[in-house]
Every structure is written in structure tokens, then in C-alpha cells.
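> using only what follows, build the 3D model:
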Amino acid sequence: MKLILSRKGFDSGAGGVPSPIFPDGSMYSIPIQAPGGRTPYARIRRGDAAVGADVGSMVASLTRGRTRAGALCHFDPDLDAGALDRPPGWRPSLGQVNAAQGHLAAQGVGPGDIFLFFGWFRRVEQSPEGAWRFIGGAPDLHVIFGWLRIGEVIDVPKDPKGRAALVAGRPGIADHPHLHFPAGYVRGRNAIYLAADGDASEFRAFDDRLVLTAPGATRRGDWRLPAWFRAAHDRTPLTYHADPARWSTTKNHCTLRTVGRGQEFVIDCANRPEARAWIDRVVGAPQVVARG
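Below is the predicted model of the structure:
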């Protein structure tokens, strides 16, 4: 089994602000605007007490109007069956393209492997006027917000006829943004990863076990991980993190100074028997969306 730590949602380059952790403990990963986007933020349903049903207004508020409620987002990963009206056969999914998909393919990522999706989060509060704003001095954190166990990998054809034929046989993926890139955007491979039956969800509530950032770290990309993450003679390194200078080890943990960019970090768990219990602990975090 391979584990993929997959960076998604708003960041300093896409969106420019963190995703929110609300006063009631709920959290929401804001999808980015990117090619292929077809879903207005205002159309996404979300029933948390803090967010309410209006994701579009929440996003506009946190970005101070730089991102409009009606703007189209690249809604991916797509993990919550209740977020939108769904065509028959819909399943939770993730799409990846170009260099990032080439990296996943080179690592042999496929059915049975697990994505843990993480992003940049910070706590927010509501102003007296009702607008959402980030709390001054609140820490910037990398937090895991969802997961998906791969059941199937679909290679998306580059030609329009091939994509049309794919959708005719698989109507559940008709609205996936990786089927709607503008001409010339796909320069390499393009794939959609569909969840195994029921094996995907979004975490509704913040929980300490979902935090990757090390306690007290001044940089959100400084992580505390279980000691088994570190490479050894029989354990290959986490991709993009082979440099030993990025790692340090304590009795029960290791710390990692992550690279500044990169979307998909892959680790082979074949010689890491401890990985299964850690993944189960993360996936078992409370208050998740009903699996779909």
C-alpha cells in the first residue's frame, strides 16, 4: 500500500488566504479557482452550524471580496455526496494532471492506495456585522481534511471524442473538472481517481490528530510525524523529501521541513507495518461526512 499526502485547497498562490476553522470546531477546505472549473462557490451545499448553507458568501467574506460568491471553482477533490446535485453513478473522486499526475504514475499509485488530503487552515471569528475574518495571531496549520482509498484509476483521453465516449459510458463523472480543461492545458497525463466503495470522506470537525504542523512551529510546513515516516535502509523516503537534512528524530516522532511546493508526496508502506494503525487513527477522526 502507498500513502499519498496530497496538498489541496486555498494556499498562498491560489486564493491567497487559508481555509477556515470555525468557532464551533467545524472546518472547510476552500476549493481553488483553476482551469476546468464549472462549479460556482455559491452552489456548494454545506450544512455546518458555522458555515450554514452559503459557501459562496463565506468565501467572499474571507477573501474580502477578491473571490466572488458566483466565481467558478475547480471542485476537486470531490468527497461529499451531499455537496451538489449528483448524476447517477457518482462516486467520490480526485483528478490529477500533467507533472503531478506523472509523479503519481511513476510511483505506481493505483487501486488500494490511500490519499490523505491536507491544506492550509487558520481559525476564524465573526465580526459584529456578521462577516467572517481570520483571528489575529492564530497559528497557520497544515491540517488533513479528507481521505480517499483508490478503487479505480481512469485515464482521461485528450481528444474530445474520446472524452465524450468516456462520459457516455460513465455518466457519474460527467461534471468532473478534469474532463473540461481548455484546449492545450493538458500537456501530459490526465487521470481521475475514483474511490473504492464507501472509502472516502471529508472531515467536518477539527481534531488534533488531523494536524500535520508540529506544535509550536513558526512555519506551517514544519511537520511532526510518526518516526516510521523517516527513510531507513529498507524504507524508501517520502517523495520530494529524500534529503536527510530535512528530517530529525525524537523518541517517538520525527520532524520534517517540507518542501515549499509540490502537490503529491508518496510514501511506500510495504516495510512500514506501523502505517496501518496510524492511517486508521486519522481516518477514524470524529464527525466525518457520511461515506458516499
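
> what about residue 127, how many neighbours?
Close neighbours of residue 127, defined as other Cβ atoms under 10 Å, add up to 9. C-beta coordinates here come from the backbone N, C-alpha and C atoms, glycine included.

> nope, residue 88 is what I was after
For residue 88, the neighbour count with other Cβ under 10 Å is 7.

> any idea how far the closest residue to it other than its chain neighbours lies from residue 22?
Nearest residue to residue 88 in three dimensions, chain neighbours excluded: residue 171, at 5.9 Å (Cβ to Cβ, 6 or more residues apart in numbering). Between residue 171 and residue 22 the distance, using Cβ to Cβ, to the nearest Å, works out to 35 Å.

> cool, and residue 146?
17 Å.

> same check on residue 198?
From residue 198 across to residue 22, the span is 27 Å (Cβ to Cβ).

> returning to what we had before: higher neighbour count, residue 146 and residue 22?
Neighbours were counted for residue 146 and for residue 22 using other Cβ under 10 Å; residue 146 has more, 28 against 20.

> could you point out which element follows the helix or strand that one falls within?
Here residue 146 sits within strand 141-155, counting by DSSP states H and E. Remark: after strand 141-155, the chain's next helix or strand is helix 160-169, criterion DSSP H and E.

> what angle do that next one and strand 141-155 make?
Following axes from the mean of the first three to the mean of the last three Cα atoms, to 10 degrees, one obtains 100 degrees for the angle between helix 160-169 and strand 141-155.

> averaged pLDDT, helix 160-169. What do you get?
Helix 160-169 carries an average pLDDT of 94.

> buried ones in it?
163, 166-167 (16 or more other Cβ atoms under 10 Å).

> need the contact partners of it.
154, 156-157, 173-174, 179 (Cβ atoms under 8 Å, 6 or more residues apart in numbering).

> can you tell me the strand partners of the very next helix or strand once past that helix and which way each runs?
Downstream of helix 160-169, the first helix or strand assigned by DSSP H and E is strand 190-202. The strands that strand 190-202 pairs with in its sheet are strand 93-97 (antiparallel), strand 141-155 (antiparallel) (by DSSP bridges).

> off-centre distance for strand 190-202?
The gap between where strand 190-202 is centred and where its chain is centred comes out at 12 Å by Cα atoms, centre = their mean, to the nearest Å.

> who are the packing partners of the following helix or strand past that strand?
Note on strand 190-202: by DSSP H and E, the next helix or strand toward the C-terminus is strand 222-226. Counting contacts by 3 or more Cβ pairs under 8 Å, 6 or more residues apart in numbering; DSSP states H and E, strand 222-226 is packed against strand 253-257.

> so what does the strand it packs on touch, helix or strand wise?
Against strand 253-257 (3+ Cβ pairs under 8 Å, 6+ apart) you get strand 222-226, strand 247-249.
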